[in-house]
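S.K.: After the sequence you'll find the predicted model.
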Amino acid sequence: MTLHIRNFCIIAHIDHGKSTLADRLLQATGTVSEREFHDLMLDTMEIEQERGITIKSTAVTMSYPSSDGKVYELNLIDTPGHVDFSYEVSRALASCEGALLVIDAAQGVEAQTLANLYKAMEQDLTVIPVINKIDLPSANVLEVMGEIEGELGLDADDAVCISAKTGEGIPELLEAIVRKIPASSGRDDLPLRARVFDSLYDPYRGVVVYLRIVEGRIASGQDVLLMAAGEVHTVEEVGRFGIRREPCRELSAGEVGYMIAGIKTVGDVRSGDTVTSSAEPAERPLSGYEEVKPVVFSSIYPVSSEDYEDLAAALERLSLNDASLIYEKVSSTGLGFGFRCGFLGLLHLEVVQERLEREFDLSLVLTAPTVRYRVTLADGSLITVDNPVDYPDPGSIQLTEEPFIRASIIMPDRYIGPVTKLILDRRGNNYKNIYVGKKRVEITADLPLSEVVYDFYDKLKSVTQGYGSFDYELIGYRPSDLVKVDILVNHEKVEALSMLVHRDRARPWAVAACRNLREEIPRHQFKIPIQGAIGGQIISRETITALRKDVTAKCYGGDITRKRKLLEKQKAGKKRMKMVGSVAIPQKAFLAVLRRED
Amino acid sequence: MPTSLYVHVPFCVSKCPYCSFCSIPYRQDTANDFRKALLKEMEMRLGGVRTCTLYVGGGTPTILPASFWKTFHEELARLAFVSGISESTIETNPGTVSGHELEELRNSGFDRLSIGVQSFNGDILGTLGRIHDAIQSVTCFSEARSAGFRNISVDLIYGIPGQTLEIWKEDLRRTLELGPEHISCYELTLEEGTPMLESVRSGSITMPGEDSCTEMYFLADEILTSAEYAHYEVSNYARGNRYSSLHNCSYWRRSPYIGLGPSAHSFDGIDTRSWNLKDVDEYNRRLLSGRLPLAGSEILTERQTAIERIMLGLRCCGGVDLDALERETGVTIDRDYLRIMLEHGRVVEVDSRIVPTAYGKLFADGDSLNLMAD
């Protein structure tokens, strides 16, 4: 049987209408009935819908009868859209032959459009430019066509003009997908090689592994080997993606689908791994597999120590479906028992925090995120430190090193000044800029990862008014002069606020941290000194003045109930803060120490 | 156990923009129904009750004719035991009652008058939306004396937009000139839904800052205690111990009380609080069809009892016995926090009780929360 398969993804600058287009394609191909349809079908997680970002890859198979009389299987693979998840993106892209590059007819080509295009080109995908929102009064199709030719170097004649909102141009787009994107093919007589591009935990079935079959066939009942993991599993079910999973007998080369094989956690199946037959294994795995390692670490504590068991259970549940999340038990004086967690980046951290709070109703304190440092001790032994608490006595240290990244930033050239300043402020070096278009510049620079994890991306977006794209790769460790800065609240050291900082940065960091804490910690009934210190030396200080009064004048006659309820409400509010000694520190203060004015 | 009795009269000539109490502009027909309804509620709830204090508040209770209050007292005496009543207060506002009516009220059975003076400054009274002036306040006070009231309380408000420390000082001075037995000094607290809060939000008026309000609080404490008034509760001063408001103290000591009238609260002195409907028409309708106007009730947990005892104790010069509290309610007191309070001079230990200082009373809310260990 010849399969008429087209595997493609949609790439777009944020807000250019990627999800709306996906929805429209699902509707146009009858994959979703009107009744089932709700906007943004593909972004299923609540947080994804709210933030408009995709965290996990998803896939859906659409059946499309083309004007040439054949029925095509269109596999749309929706990818995450944030730099934290760039490895997952590359695995998903590797499973496609084509990409729809969506460009807003009113906004034109933007920095991220270019960065996304590069990603697609790296994977040799056929790119179809799609000019969206042509229904807008401000749409300027001709100008965008010019940009497609001039700035993207693509043939504007290939562009399809649509309005995902009204549905205009969608039939033409479907035809273009069939005609222009190469048919997905592969020899199905070779030993099985299938690329894992994501996996999802199903509470009833275990892990559902998302696959692109590159060569061979996979069928239920077969024993398969995960080549990187070295584990053998028996396939219980294979199938294609509809809006729900649709089991089938087998999947063959070129197809996109899933397998269920009694795998317990997503941690056992890494994206990029190759699935082969254990009876007749392939000689080599597919290229491109990397082990993803967490780069940002933070400790998570429950505000109330009674919630520790619930937090443990919640992390276990989350990690079932999030292989990148790692965690281990820690305890801290002041904050009690919690977990040290590793994340792919700050967005990943925020998503985990939000899910813990929202889906598991936990009230949490997160400590300042740090990277993993490498320390050579006086005796020559090498240790890694990702928690300031574990930082050795400075006297015993021979050398400290911190991880560096190579950043690639693409933006219109008018932002060179502010972006360069931002990079230099963040201890960047090895700086280069090159024009990649008429008015577009790519800046590359090496930066300490610690300078990037917290708010670099936000700052970059702000100085480039949203036009800057950011991508990075880890390039290894470099020597660095680190010190540990402690924060004392009301003369008590708060471990969770300690931070490893470059020596040149220690004082400004401590000054900003104290100032931010002064703003975030509510006034108490006594004055609270907040100090930054290196060793025993105080390097910054702020004071939170005491409340002048804390009483309501009138006790509302006999209505004691009302008065008491107000107090009970306040007491409940205080319970959501962390008590350090007699000071109540709100959750957000723990992250506020990192905020800085650049 | 003898019970205090509160009666809420929900009418005023006009509603002040800062007021969040249950009060509506006076209407003859509604007021007539209310009088009947109140007498009905008395009949339903006061049979055989031994009363120890009576307080008629509002609103402006003296908006109802003095003859009604005569009927009220007769009815009360018929239903309940009144021989133990040691304090019988009615509230009034200057300009709403004549000297003759004050005499009638005195003769009908009230022995204490609480006058809503609020301020002697014309501009401030204007800001507050009061319908009287300083002269009417002074007249009201002297007519009350002539009518035979030997126990008079003057209500003042501070922390009013436009009110300076000087104006407040003058208000206190003029109050002392009158020589009342009791003075209440309430800081203006704006509640949600009041027009004055809207004005503050829209920026058309500005509330004085926390620091000036605190200064005004201490100024009142200094001036009034120098004039031999005891600062016996956050906002209340009494000339000598015998003039503390016995009725209000019953709330604060958590003695039993029965509240009649719309929005009035009752407490059984043990663990049950209940309250009446706020809506005057609905209150009237219920009673006139023979049903109680109860809106809600709650049974306090031991923890809630503890919060109340601490919160109320820290407002009053009687303080709170924390050891007894721990024993009786099972809650734990945060002794470290107590130590901080003692160190900061917010409370002192008097026998087995913790008693707030004038400074400490300013922190009664926050301290009562913090004293409860979890």
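M.R.: That came through fine.
S.K.: tell me the contacts of residue B:111?
M.R.: By CB atoms under 8 Å, 6 or more residues apart in numbering or on different chains, residue B:111 lies in contact with B:87-89, B:149-151. For every residue, glycine as well, the C-beta is placed using N, CA and C.
S.K.: Narrow the residues you listed to just the buried residues.
M.R.: Buried by 16 or more other CB atoms under 10 Å in any protein chain shown: B:87-89, B:149, B:151, out of the contacts of residue B:111.
S.K.: Filter these down to the ones in helices?
M.R.: Among those, no residue falls in helices (DSSP state H).
S.K.: Closest one of those to chain A?
M.R.: Closest approach to chain A among the buried ones among the contacts of residue B:111 (CB to the nearest CB): residue B:89, at 11.9 Å.
S.K.: what is that closest one paired to in the beta sheet?
M.R.: residue B:55, residue B:112 (DSSP bridges).
S.K.: For the stretch 101-250 of chain B, which residues are neighbours of chain A?
M.R.: B:186-189, B:210-211, B:213-214, B:217, B:234-235 (CB under 8 Å from any CB of the partner chain).
S.K.: which residues in the stretch 1-150 of chain A form strands?
M.R.: A:5-12, A:58-65, A:71-78, A:98-104, A:126-132 (DSSP state E, counting those that start in this stretch).
S.K.: Now do the same contact list for the residue of the stretch 301-450 of chain A found nearest chain B.
M.R.: Closest approach between the stretch 301-450 of chain A and chain B, counting by CB to the nearest CB: residue A:304, at 8.6 Å. Taking CB under 8 Å, 6+ apart as the criterion, residue A:304 is in contact with A:363, A:575.
S.K.: any idea how far it is from residue A:579?
M.R.: As for residue A:304, its distance to residue A:579 is 10 Å (criterion: CB to CB, to the nearest Å).
S.K.: what's the helix or strand for whichever residue of the stretch 151-300 of chain A sits closest to chain B?
M.R.: Here the stretch 151-300 of chain A gets closest to chain B at one residue, residue A:300, 21.3 Å apart by CB to the nearest CB. Using DSSP states H and E, residue A:300 maps to strand A:296-302.
S.K.: Contacts for that strand next, please.
M.R.: A:308, A:310-311, A:315, A:327, A:330, A:332, A:335-346, A:348-349, A:353, A:356, A:362-372, A:386-387, A:453, A:496, A:578.
S.K.: pLDDT averaged over that strand, what's the number?
M.R.: For strand A:296-302, the mean per-residue pLDDT is 90.
S.K.: which of the residues in it are buried?
M.R.: A:296-302.
S.K.: Can you tell me the number of residues neighbouring residue A:517?
M.R.: Residues lying near residue A:517 (other CB atoms under 10 Å in any protein chain shown) number 23.
S.K.: and the next element down the chain from the helix or strand harbouring it?
M.R.: Element membership of residue A:517, judged by DSSP H and E, is helix A:503-520. Using DSSP H and E, the helix or strand that follows helix A:503-520 towards the C-terminus is strand A:528-534.
S.K.: could I get that following strand in CSV with only the CA atoms?
M.R.: This file holds the C-alpha atoms of strand A:528-534, laid out as CSV (Å, rounded to 0.1, in the frame of the first residue of the first chain):
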residue,chain,number,x,y,z
ILE,A,528,13.1,44.5,60.7
PRO,A,529,16.7,45.0,59.6
ILE,A,530,17.6,43.3,56.3
GLN,A,531,21.3,42.7,55.7
GLY,A,532,23.4,41.3,52.9
ALA,A,533,26.7,39.7,54.1
ILE,A,534,29.7,37.9,52.8
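S.K.: just to revisit the earlier point, let's have the strands of the stretch 1-150 of chain A in a markdown table, adding mean neighbour count.
M.R.: What follows is those, written out as a markdown table (neighbours: other CB atoms under 10 Å in any protein chain shown):
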| stretch | mean neighbour count |
| --- | --- |
| strand A:5-12 | 25 |
| strand A:58-65 | 20 |
| strand A:71-78 | 21 |
| strand A:98-104 | 25 |
| strand A:126-132 | 24 |
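S.K.: which stretch among those strands comes nearest residue B:15?
M.R.: strand A:98-104 (55.4 Å; CB to CB).
S.K.: if we can go back for a sec, any of the residues of the stretch 101-250 of chain B next to chain A buried? List them.
M.R.: Neighbour-count burial (16+ other CB under 10 Å) applied to those gives B:186-189, B:213-214, B:217, B:234-235.
S.K.: Okay, and which of those map to strands?
M.R.: B:186-187 (DSSP state E).
S.K.: Just give me the closest of the buried ones among the residues of the stretch 101-250 of chain B next to chain A to residue A:74.
M.R.: Closest to residue A:74 out of those is residue B:189 (65.5 Å), distances taken as CB to CB.
S.K.: So that closest one is in contact with residue A:552, correct?
M.R.: Yes - the pair residue B:189 and residue A:552 passes the contact test of CB atoms under 8 Å, sitting 5.6 Å apart.
S.K.: Any idea which residue of the stretch 101-250 of chain B lies closest to chain A?
M.R.: For the stretch 101-250 of chain B, CB to the nearest CB, closest residue to chain A: residue B:187, 3.9 Å.
S.K.: pLDDT wise, what is the spatially closest residue to that residue that is not a sequence neighbour at?
M.R.: Distances taken as CB to CB, 6 or more residues apart in numbering or on different chains place residue A:553 nearest to residue B:187, at 3.9 Å, with adjacent residues excluded. If you check residue A:553, the pLDDT there is 74.
S.K.: just to revisit the earlier point, farthest-separated two in the buried ones among the contacts of residue B:111?
M.R.: B:87 and B:149 (12.1 Å).
S.K.: Now the common contact residues for the two.
M.R.: Common neighbours of residue B:87 and residue B:149 (CB under 8 Å, 6+ apart) are B:111-112.
S.K.: Need the residues that contact the host helix or strand of residue B:354.
M.R.: Assessed by DSSP H and E, residue B:354 sits inside strand B:353-356. Residues external to strand B:353-356 that are found in contact with it (CB under 8 Å, 6+ apart): B:313-322, B:338, B:341, B:346-349, B:364.
S.K.: Keep only those residues that also lie close to chain A.
M.R.: Among these, proximity to chain A is found for B:315, B:346, B:364 (CB under 8 Å from any CB).
S.K.: Tell me how many other residues surround residue 122.
M.R.: Picking chain A for this. Should you count by other CB under 10 Å, residue A:122 turns out to have 11 residues around it.
S.K.: oops, chain B please
M.R.: Using other CB under 10 Å: residue B:122 sits among 12 other residues.
S.K.: ok, it - contacts?
M.R.: Contacts of residue B:122 (CB under 8 Å, 6+ apart): B:133-134.
S.K.: and it, how far is that from residue B:128?
M.R.: From residue B:122 to residue B:128 the distance is 11 Å (CB to CB).
S.K.: next one: residue B:87
M.R.: Taking CB to CB, one finds residue B:87 at 28 Å from residue B:128.
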